[in-house]
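Asks: coords please:
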Amino acid sequence: MPSATREKFSSQAAPEVLSALRKIAESEGRPIQEILDEALREYIERKEKGQPRRQAMDAFAHSLSEFDQLYRELAK
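Replies: Residues are numbered from 1 along each chain as shown. Sure thing, here's the model as predicted:
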């Protein structure tokens, strides 16, 4: 839920990040500010809930697929 009031801030981002952000906004027909606000809210929510980073979960999934048999043997 976007807030009715806004506060300006200044920051910098890598060119590829801004480019991807602009492409998403354009493809969805939404203002870039709306996309950025949504991304920041999702980031904050994830941090507050203590959810693991995507890289950690990807590594975990890879480990499960690679060592599935070993884990099954150890669980016996």
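Asks: State the distance from the residue nearest the centre of the chain to Phe67.
Replies: What sits nearest the mean C-alpha location of the chain, by Cα atoms, centre = their mean, is Tyr43, with 6.2 Å. As judged by Cβ to Cβ, to the nearest Å, Tyr43 and Phe67 stand 31 Å apart. Heads up, the C-betas are built off the backbone N, CA and C, glycines and all.
Asks: What's the first helix or strand after the host helix or strand of the residue nearest to the centre of the chain?
Replies: Taking DSSP states H and E as the criterion, Tyr43 maps to helix 32-49. Downstream of helix 32-49, the first helix or strand assigned by DSSP H and E is helix 54-66.
Asks: Mind checking the pLDDT average for the helix or strand following that next one?
Replies: Counting by DSSP H and E, the next helix or strand C-terminal to helix 54-66 is helix 68-75. The average pLDDT within helix 68-75 is 87.
Asks: Who are the packing partners of helix 68-75?
Replies: Packed against helix 68-75 by the contact rule (3 or more Cβ pairs under 8 Å, 6 or more residues apart in numbering; DSSP states H and E) you find no helix or strand.
Asks: pull the CA atoms of that helix into CSV?
Replies: The C-alpha trace of helix 68-75 is given here as CSV (Å, rounded to 0.1, in the frame of the first residue of the first chain):
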residue,chain,number,x,y,z
ASP,A,68,20.3,-36.6,-2.2
GLN,A,69,21.5,-40.2,-1.8
LEU,A,70,24.0,-39.4,0.9
TYR,A,71,21.4,-37.5,2.9
ARG,A,72,19.0,-40.5,2.6
GLU,A,73,21.7,-42.8,3.8
LEU,A,74,22.6,-40.5,6.7
ALA,A,75,18.9,-40.3,7.7
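Asks: For stretch 68-76, buried residues please.
Replies: The neighbour-count check on stretch 68-76 (16 or more other Cβ atoms under 10 Å) flags nothing as buried.
Asks: what's next to stretch 31-49, contact-wise?
Replies: The contact list for stretch 31-49 (Cβ atoms under 8 Å, 6 or more residues apart in numbering) reads Pro2, Leu21, Arg22, Ile24, Ala25, Glu28.
Asks: So which of the residues you listed belong to helices?
Replies: Leu21, Arg22, Ile24, Ala25, Glu28 (DSSP state H).
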